[in-house]
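Trainee: Give me the fold of what follows.
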Amino acid sequence: MKLKYLVSAMAVMMLSSGAAVAKSDNLASFHAEMDSCQSCHTKPVKVSDSETHENAQCKSCHGDYAELANDKLHFDPHTSHLGDINCTSCHSGHDKPQLTCNNCHNFDMEMPFADTKAKKKWDGAWDQEKIQKAIDKGPVETVDVIVVGGGSAGFNAAISAKMAGAKVVLFEKAAYTGGNSMLAAGGINAVGTPQQKKKGIEDKIEWYYEDAMKGGRYQNDPKLVQILAEESAGAVKWLESLGANMDDLKRSGGARVERTHRPSGGASVGPHIIDTLRKAASERNIDVRVNSRIEKIVLNDDKSVAGVVVHGRHSGYNMVAADSVVLATGGYGMNKEMIAYYRPTMKDMTSSNNVTATGDGVLLAKEIGASMTDIDWVQAHPTIGKDSRILISETVRGVGAIMVNTDGERFINELTTRDRASDAILKQKDQYAWLVFDEQLVAKKKMVRGYDHLGMLSKGNTIEELAKITGMSKLPKTATDYNKYQAAGKDDAFGRDDMPLNLSKPPFYAVKVAPGIHHTMGGVAVDTDANVLNLQSWKMSGLFAAGEVTGGLHGFNRLGGNAIADTVVFGRIAGKNAAKHALEKK
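Mentor: Residues are numbered from 1 along each chain as shown. As a prediction, the model looks like this:
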């Protein structure tokens, strides 16, 4: 017991000082000097790809993240929005440590044992020779359903399949689950919910459908959109049944009413949903394996699914047999080669995506003859923090922020669709804009405090002071005009018909934003049952897909709030039908 508190105190001291205090070359040697290799590993040493035992040992000595939290640090990685991820996501016994947060951010924090030599990445390439050897060797285990990807779509598919009676394993290539869903900041669109009824909001399935089709410039698959609209309320109810809080309502761009559901209190929806789904999967004893990248979908002679080849960080290449596979790998927004090929005009744009969004599912499906749809349609989100990869949620505008150019003048209805807002920003003289709001909005949106913590906000005690700080000379008049429109309930300048807040309570804030890659609307072609289709538009037996890896649902432009709805609605459909297919083959 004494060792636990000694080591915990040392760990906090190392993080606080920004330097390792031990003389050992790496974390493994340091632990071996204290005890032996068994202080981290079992005997004999055999490490699972998920490094389950090792992470449990970390916490048995150092305590969990709540115990390690240190409010004296300007930035505390143990209290990040990623939640309770593996300790080995950042700390490595035999390799150079890496602050996972810096996949998106640029925090200046030296890790303990930062001088350790970096090893070659375990997942640097897809080794075709080893893939074939794994297939020739045959499966090392057999399950009913394999889910590829640990974001919202993957978790919802895995939970649905398990509840339908299937033996399920979920593989995630990263060191922790969450994917792009973990970064979602808006909410989930749904129609006909108790939340809408409580607020007296009239909404209809037809309106949801029409808004989504209009937002996608009528290039969407109408059948997929209809299902999304019809099943959206059930998706919210499902999340709530798993423990999520979806009580807050906001309006996203392109929607005619408030239908974006999110956690009460202003918390970001993505971390909340992923935390809920992680717990739900654990409670149902679903086998979730991280550090496990799928590099091949294996087919039988009749072209039905036979299983996958998984490349594990420690186990190497192995085939796992299954009659059903669900692709839930997300989009390709972080794959520069794919962006340059499919949408070359965006190749130099920043991206708000998780580093895991590299198009693996598209590559896996194309290799075995799957059809693609809308594959070259890539969405730019209009409000990514300029010169960063941090998304400024659309709901910040929905709650009440205005958007102005570098002179401080509004130039578009803030609640227009993302494509039109992005185009409008790029037509401004400096190709960026400012979002401006006051303390009223900060009180409603917890995530805005995070932007402040990251140093992204300019602040003034008056509108005039904020205008001077940011160089927006015309901002005071813009704010005065907007407050008149808000009081009258009519936006004479741009026709914004939902203005929940004015600009009147100091301090006043502004954040600089510019368009960046946010969502890839195109991907694997699927039908209404989430079956993947081949080049002849026939079902590929046993192969299903859901979420951003698929195409057809969003058309030319996705509306905010429809991505999470997509992952829940079609994740559930994919999991249920994958289980049905596998169990019928027994």
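Trainee: Please enumerate the helices of the stretch 351-500 of the chain.
Mentor: 360-367, 394-399, 418-426, 439-444, 446-453, 463-470, 475-488 (DSSP state H, counting those that start in this stretch).
Trainee: other SSEs contacting the second one?
Mentor: Read that as helix 394-399. strand 248-250, strand 260-262, strand 378-385, strand 433-438, helix 439-444 (3 or more CB pairs under 8 Å, 6 or more residues apart in numbering; DSSP states H and E). For glycine as for every other residue, the C-beta is placed from the backbone atoms N, C-alpha and C.
Trainee: make it 7 Å
Mentor: Applying 3 or more CB pairs under 7 Å, 6 or more residues apart in numbering; DSSP states H and E, one finds that helix 394-399 contacts strand 248-250.
Trainee: neighbouring contacts of the strand it packs on?
Mentor: Identification of contacts with strand 248-250 by CB atoms under 7 Å, 6 or more residues apart in numbering yields 187, 195-196, 199, 258, 260-264, 395, 398-399.
Trainee: pLDDT (mean, whole number) over that strand?
Mentor: Across strand 248-250, pLDDT averages out at 93.
Trainee: Okay, now the sheet partners of that strand, with direction.
Mentor: Strand 248-250 sits in its sheet next to strand 260-262 (antiparallel), going by DSSP bridges.
Trainee: Name the next helix or strand downstream of the partner strand, please.
Mentor: Sequence-wise, the next helix or strand downstream of strand 260-262 (DSSP states H and E) is helix 269-283.
Trainee: Contacts for the helix or strand just after that next one, please.
Mentor: Using DSSP H and E, the next helix or strand after helix 269-283 towards the C-terminus is strand 287-289. Strand 287-289 is contacted by residues 49-50, 150, 168-171, 177, 281 when judged by CB under 7 Å, 6+ apart.
Trainee: Apply 6 Å and report the result again.
Mentor: Contacts made with strand 287-289 from outside it, assessed by CB atoms under 6 Å, 6 or more residues apart in numbering, are listed as 49-50, 169-171, 281.
Trainee: For that strand, buried residues please.
Mentor: 288-289 (16 or more other CB atoms under 10 Å).
Trainee: what angle separates the helix or strand just after it from helix 360-367?
Mentor: As assigned by DSSP H and E, the chain's next helix or strand after strand 287-289 is strand 292-299. Angle, strand 292-299 to helix 360-367, by axes from the mean of the first three to the mean of the last three CA atoms, to 10 degrees: 20 degrees.
Trainee: Strand 292-299: how far from the chain's middle?
Mentor: Distance, stretch centre to chain centre, for strand 292-299: 22 Å (CA atoms, centre = their mean, to the nearest Å).
Trainee: How about stretch 168-178?
Mentor: 13 Å.
Trainee: likewise stretch 576-583?
Mentor: The gap between where stretch 576-583 is centred and where its chain is centred comes out at 26 Å by CA atoms, centre = their mean.
Trainee: May I have that stretch exported as CSV, CA atoms only?
Mentor: In CSV, the C-alpha atoms belonging to stretch 576-583 read as follows (Å, rounded to 0.1, in the frame of the first residue of the first chain):
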residue,chain,number,x,y,z
LYS,A,576,-29.2,-6.4,-35.6
ASN,A,577,-29.1,-7.6,-39.2
ALA,A,578,-25.6,-8.9,-38.9
ALA,A,579,-26.6,-11.0,-35.9
LYS,A,580,-29.7,-12.3,-37.7
HIS,A,581,-27.6,-13.3,-40.7
ALA,A,582,-25.0,-15.1,-38.6
LEU,A,583,-27.4,-16.9,-36.4
